[in-house]
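Participant: coords please:
(2 chains)
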Amino acid sequence: MIAIQHVSMRLTAGGRPVTILDDVTLEIPSKQTVAVMGPSGSGKSTLLGLMAGLDRPTSGSIKLDGTEITSLSESRMAKFRRAKIGYIFQSFHLIPTLTALENVLVPLELAGNDSARAHAVELLQTVGLGNRIDHYPVQLSGGEQQRVAVARAFACRPPILLADEPTGNLDSQTGRHIMDLVFALHRDYGTTLVLVTHDQTIATLMHRVIAVRDGRIESDEILPGVSTQSESPL
Amino acid sequence: MFRMAWRETRGAWRHFLYFFVCIAVGVGALVGVSLFAAHVDRAVSTQAKGLLGGDLEIRSSHPLSAEGRAVLGSLDQRAITRTHVSELVAMAARSTKGSTAAQATQIVELKAVDSGYPLYGALKLEPSASLEHLLHPDLSRCQSGSCHGAVVQEALLLRMGLAVGDRLKIGTVEFLITGVVRLEPDRMANAFSLGPRVIISVAGLKASALLQPGSRVRERELLKLAPSLSLESLRAELRGRLAADHVRVSGYRDGQPQLKQFLEQLSRYLGLIGLTALFIGGLGVAMSIHAFMREKLKTIAILKTLGADSPLLIGAYVLQAIGLGLIGSVAGMLLGIVLQRVLPPLLAGAFVSDLLEQIGASTDLSAVSIGPLFKGGVLGLLTTLLFALWPLFRVREIAPAAIFRREIDPNSSGDPHTGSTWRGKLGLQDRFSVSTAGALVGGLAALAAWQAGSWRIGGWYIGGVALAILSLLGCARLLVWGLRRMPRPASLSLRYAMGNVLRPGGHTGGILVAIGISVMVIVTVSLVEQALLRQIGETRPIDAPTFFFIDLQPDQTAAFAKLIGAQTAGRTPEMTPLVRSRLHAVNGQEVKIEEERDQDERRDESKEERRKQWYLSREYVLTFLDQLPKGNEIVHGAWWRPGQRFAMPQVSVEEEAARSLGLEVGSRIDLDIQGASIRAEVSNIRKVDWGNFSTNFYMILSPGSLEGAPITYVATIRVDPDQEIPLQEAVVAAFPNVSAIHVGDVLRNFANVLDRLALAIRAVALFCVVSGGLVMAAALASTRYRRLYESVILKAVGATRGLIARSFAAEYALLGLIGGILAVGLSSALSWLLLTRVFDLTWRLHPMVLLIGLGCTVLLTLSVGLLSTFRILGQRPLAILRHE
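Facilitator: Predicted coordinates for the structure are as follows:
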């Protein structure tokens, strides 16, 4: 469960203070799938990043499964992230010097998983890259890179998966494959899924859609008829 | 174009900071060395008369004959002032009771002067009275009838626990120490001073009975000419009139040739090390510009679509480089001014610093400073240009279409289609690049030749540098290739570190070259120094003598042997007779010593010719022996049998000397022994092991050949350390005219000089290391963005700051390790070359020096790396990833 209370984020850009998030309060129960939508610059990606502890809010509290993450030290936060959070970026963000397999291995090894390698190979097979595990990111297409990123995000079976426009850099067909994968893994592992997207089709597949504008929550609606147990609708 | 250059500089200060510092450090090293050299050179020139002691010096190793003295006497009517100086080595004994901790006896360099001394320059004395007054104190201050004063160097007082007012026994006379000499204008700048200076009067020397027939002495007659007289004609005249006395006549202008040559060589090689620092800095320039260009790909592409052509763009960037090079050079000049103030104190203790004080070399800037400053600035600017052009010409290859690429990968190694061939890899895909590369190498060679003042040395230097760079690059490639094929390490941080080192198109090659060359320079200096130190220390055989006792008179030998026997429980000293001589004729042809010729003229001669001149003109110390001495081996002819009689004296000649003089078995030589001539026939040729630390001779005569000549004996003896001081004191007490030369002290002296020299060289070499570190920092700065990006991804998937720091550390250590291994390997090769080719010494592996070098390299890369990237560790991921 993700509990966000009165979170604000203010930065200085070009010498002037800019408010990115303005007193956001939000609760996401476990296993829920949530789409966060909004125009560019509305603060949705920042909100997602703060949930992952990738930055600290200017004020407010963020609790993940009861742990207050805004007060964790940098290294405690890193360890917490290993155990609890998977993150998928719009532009994949694989480490260019590591092979596909090694990229997936990173979180596993950080968590001290003994059977890391076998597990990573299995994950890559799951995302359909069993035959490309020794390729470097530059040798993979965008869709393939994002599949590696998905495998990496799920490697430690995190209870929370955060995805920032995971299909934004992909063509629609590849994007659909990636979403299939994400939903399948959500179904298999019972992961809480928070997804920033511009794509209405994807949003309609979620339990809940939150619209953000100018750093505030504009609307928050539960969509009817989508069950967490359902087959992937795509 | 100017505005474009300025705008581009403004936006990329980070790259240009390194650019600027790299040039400044290199120029600083160069300017520092050249300023030092120029100032010393100026001082040597302005003080030339003081250094020689007069306008003309007539020097010989024996008192002049009556005819010679008459020639000198005739000069007095011709407006020529003259003064006589005798220099010799003697033993001083303490007669006043000093502290027991101090030595009772000490070898000194004695100088006896008359009232005219010095003709030029001034002695600095304490108390500041006239020398004449100090050397002839009032009779009331002495107990005995005669009263001789002595002015000594402070070192003597310290070593013997004496003070001004105490007494010192030299020879048979007790001298009253009346003052301390701080500065002596004409003390030969000699690396191997045997002991502290003691100045006495000619009368004092006569009274001391030190000068016996055949004693080792340097007699100097110093002349001061009235301005109307021609120095050259007088020198020629004296050479003619004093030919029979075998004197050396030199004018102040050609004085100190060895000193000048030494300083010239020292500054030349220091200058080349400085140039190396500058060239390493040039690498930093090239890397900074390369990184800058990579970031500017998009800008350049946009500018090209807007209608800017390559020449315009290159022009703007060249202008920018010149501007930065200029600022860097000016900063370097300032740095150099600071360095040249620091250099002399580093040389303290070595004779150079005494010399600097003696000639009053100042570190203040003056007219002579302009040349070195200007030269350093120009070298800095040209180096900047040469190294900047290479990466800048890549502007031509950037297609305007580059802006249409969605994202320009900062890690790609340029165009994919140029990377496949070796020409592509070296960037030599077209004629333009090839000619640029040629111009680059040619330009650097020209700079090196300019700095070295010789095309030959410049060529050797640039060839050596090129070879070092190529082998470093080759080895680096090979190692990287090998590492790629190794299984990936299990630890994540290690694997990430290795990935960074092995990254294709990365900065690894440049860093390795820069670090490798700089470490190579400094390790080579240490290796050569070690080898030289070992040569004088370790190769001393266990039975090498402790003492050389010189100037023993023939009638003293029996008593001397008895004394030694009593002091050392029955050991016998090895005593060898000595006679000084010069070569008069070889195979009937009279030897002509050509000392008038200029240094410059001599340089053009072959090494062989110079060697021959040296053998012709040197003084030969002769001996006669029954037996072939140990460490000698006959290579031609045969040694004489005991008791054998000859019609003509026989001579055994050392192999090298025989070859240079063109002597064979059966050749005849005429030797001049203080006026008397003897002719001898070469009966055999010997090979000598010069490193055996006993008395070795170029020429050994058959027994009986030297009867009647002024013979002295040299005695060698090996004693236990605890016997050394009692023995020396006993000998000085019994034989005041005999000097005891302690082999260990002489070697220590030499080692000390070597040490100081090496320190000075290392100080300049340190600039190379600083440059190397800067190049690495510049290279890392160009990967800053990439590192930042990757480290935040790692953080996003759960890596801690510690893990990222560890992996950075592992990467830098790995770089240091590879660079260090290559550098110590190369420096071993280079030191081998230097030792075997230049110094004629054997080479040996020095694992300790190499290990220290390797360790320091790793330390260097670690600290440079962590210092230039630690800020990355604290970055928060979100902002960075968002802006990607």
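
Participant: Would you mind listing what in chain B touches chain A?
Facilitator: Proximity of chain B to chain A is confined to B:409, B:411-412, B:488, B:492, B:495-496, B:499-500, B:502-503, B:789-790, B:792-803, B:876-879, B:881-882, B:884 under the rule C-beta under 8 Å from any C-beta of the partner chain. (Each C-beta comes from the backbone N, C-alpha and C, glycine too.)

Participant: Show me which of those residues are buried.
Facilitator: Neighbour-count burial (16 or more other C-beta atoms under 10 Å in any protein chain shown) applied to the residues of chain B next to chain A gives B:492, B:495-496, B:499-500, B:502-503, B:789-790, B:792-801, B:803, B:877-878, B:881.

Participant: Let me see the contact set for the spatially most central residue of chain A.
Facilitator: With distances taken as C-alpha atoms, centre = their mean, A:L162 lies nearest the centre of chain A, 1.8 Å away. Neighbour list for A:L162: A:L48, A:M51, A:A52, A:I85, A:G86, A:Y87, A:I88, A:V194, A:L195 [criterion: C-beta atoms under 8 Å, 6 or more residues apart in numbering or on different chains].

Participant: That one: helix or strand, and which one exactly?
Facilitator: Using DSSP states H and E, the element containing A:L162 is strand A:160-164.

Participant: List the strands paired with that strand, with their directions.
Facilitator: Sheet pairing of strand A:160-164 (DSSP bridges) gives strand A:85-88 (parallel), strand A:192-196 (parallel).

Participant: Check whether B:V198 really touches B:L168, as I assumed.
Facilitator: Yes - at 7.4 Å, B:V198 counts as touching B:L168 under the criterion of C-beta atoms under 8 Å.

Participant: any common contacting residues for those two?
Facilitator: Joint contacts of B:V198 and B:L168 (C-beta under 8 Å, 6+ apart) are B:A92, B:A150, B:V152, B:L156, B:F175.

Participant: Is the fourth one in a helix, a strand, or coil?
Facilitator: Counting by DSSP: H, G, I helix; E, B strand; the rest coil, the backbone at B:L156 sits in helix.

Participant: Pretty sure it sits against B:I107.
Facilitator: No - with contacts counted by C-beta under 8 Å, B:L156 stays clear of B:I107, the gap being 10.0 Å.

Participant: and B:A779, what is it in contact with?
Facilitator: Going by C-beta under 8 Å, 6+ apart, B:A779 touches B:G284, B:M287, B:A291, B:H507, B:G510, B:I511, B:A514.

Participant: May I see the ChimeraX selection of the buried members of those?
Facilitator: To isolate the buried members of those in ChimeraX, using 16+ other C-beta under 10 Å:
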select /B:284,287,291,507,510,511,514
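
Participant: nearest to B:G325, of the contacts of B:A779?
Facilitator: Nearest to B:G325 among the contacts of B:A779, counting by C-beta to C-beta, is B:G284 at 12.0 Å.

Participant: Leaving aside the residues adjacent along the chain, what's closest to that closest one?
Facilitator: Using C-beta to C-beta, 6 or more residues apart in numbering or on different chains and skipping residues adjacent in sequence, the residue nearest B:G284 is B:C22, 3.4 Å away.

Participant: next one: B:L845
Facilitator: Distances taken as C-beta to C-beta, 6+ apart place B:S828 nearest to B:L845, at 6.9 Å, with adjacent residues excluded.

Participant: Next: B:S146.
Facilitator: Per C-beta to C-beta, 6+ apart, closest to B:S146 is B:A207, 6.4 Å.

Participant: Now do the helix or strand harbouring the one you found: which elements does it pack against?
Facilitator: Using DSSP H and E, B:A207 sits in helix B:202-208. For helix B:202-208, the packing partners by 3 or more C-beta pairs under 8 Å, 6 or more residues apart in numbering or on different chains; DSSP states H and E come out as strand B:80-94, strand B:105-113, strand B:148-152, strand B:173-183.

Participant: need those in TSV with mean neighbour count and mean pLDDT, can you?
Facilitator: Output for the helices and strands packed on helix B:202-208, formatted as TSV (neighbours: other C-beta atoms under 10 Å in any protein chain shown; pLDDT from 0 to 100):
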stretch	mean neighbour count	mean pLDDT
strand B:80-94	21	90
strand B:105-113	23	91
strand B:148-152	25	91
strand B:173-183	21	89
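
Participant: Can you classify B:V621 by secondary structure?
Facilitator: For B:V621, the secondary-structure state derived from three-state DSSP is strand.

Participant: Just give the nearest non-adjacent residue to B:F20, would you?
Facilitator: B:G328 (4.4 Å).

Participant: Isn't that neighbour up against B:C22?
Facilitator: Yes - in this structure, B:G328 is within contact of B:C22 by C-beta under 8 Å, at 7.2 Å.

Participant: Who are the contact partners of B:R477?
Facilitator: Counted by C-beta under 8 Å, 6+ apart, B:R477 has contacts B:G509.

Participant: Identify each buried residue in the helix or strand containing it, please.
Facilitator: Per DSSP H and E, B:R477 falls inside helix B:455-485. Of the residues in helix B:455-485, B:457-458, B:461-462, B:465, B:468-469, B:471-473, B:475-476, B:479-480 count as buried by neighbour count, 16+ other C-beta under 10 Å.

Participant: That one - what's its average pLDDT?
Facilitator: Across helix B:455-485, the average pLDDT comes to 83.

Participant: List the contacts of the next helix or strand after it.
Facilitator: Using DSSP H and E, the helix or strand that follows helix B:455-485 in sequence is helix B:492-502. Contacts to helix B:492-502, defined as C-beta under 8 Å, 6+ apart, come from residues A:95, A:97-98, A:102, A:105-106, A:109-110, B:480, B:483-484, B:488-489, B:506, B:508, B:794, B:803-804, B:806-811, B:814-815, B:818.

Participant: For the buried ones among the residues you listed, write the corresponding PyMOL selection.
Facilitator: Written as a PyMOL command, the selection of buried residues from the contacts of helix B:492-502, which uses 16+ other C-beta under 10 Å, is:
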select buried, (chain A and resi 95+97+98+102+105+106+109+110) or (chain B and resi 480+506+508+794+803+804+806+807+808+809+810+811+814+815+818)
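
Participant: Against chain A, how distant is B:T105?
Facilitator: B:T105 is 71 Å from chain A, where distance means C-beta to the nearest C-beta, to the nearest Å.

Participant: okay, B:G28: pLDDT?
Facilitator: B:G28 is given a pLDDT of 90.

Participant: cool, B:D409 as well?
Facilitator: 43.

Participant: Quick one: the helices in chain A, in order.
Facilitator: A:44-51, A:74-84, A:100-110, A:116-126, A:142-154, A:172-189, A:200-203 (DSSP state H).

Participant: List the buried residues of the helix or strand containing B:V434.
Facilitator: Counting by DSSP H and E, the element that carries B:V434 is helix B:431-452. Neighbour-count burial for helix B:431-452, counted by 16+ other C-beta under 10 Å, picks out B:S433, B:T436, B:L440, B:G443, B:L444, B:A445, B:L447, B:A448, B:A449, B:W450, B:Q451, B:A452.

Participant: now the fifth one, nearest residue through space, not along the chain?
Facilitator: Put plainly, it is B:L444. Residue nearest to B:L444 in three dimensions, not counting chain neighbours: B:I462, with 5.7 Å by C-beta to C-beta, 6+ apart.

Participant: my guess is that neighbour contacts B:A448, does it?
Facilitator: Yes - the pair B:I462 / B:A448 is scored as a contact, 4.8 Å apart, by C-beta under 8 Å.

Participant: Next up, the contacts around B:Q556.
Facilitator: Applying C-beta under 8 Å, 6+ apart, we find B:Q556 in contact with B:Y713, B:F735, B:V738.
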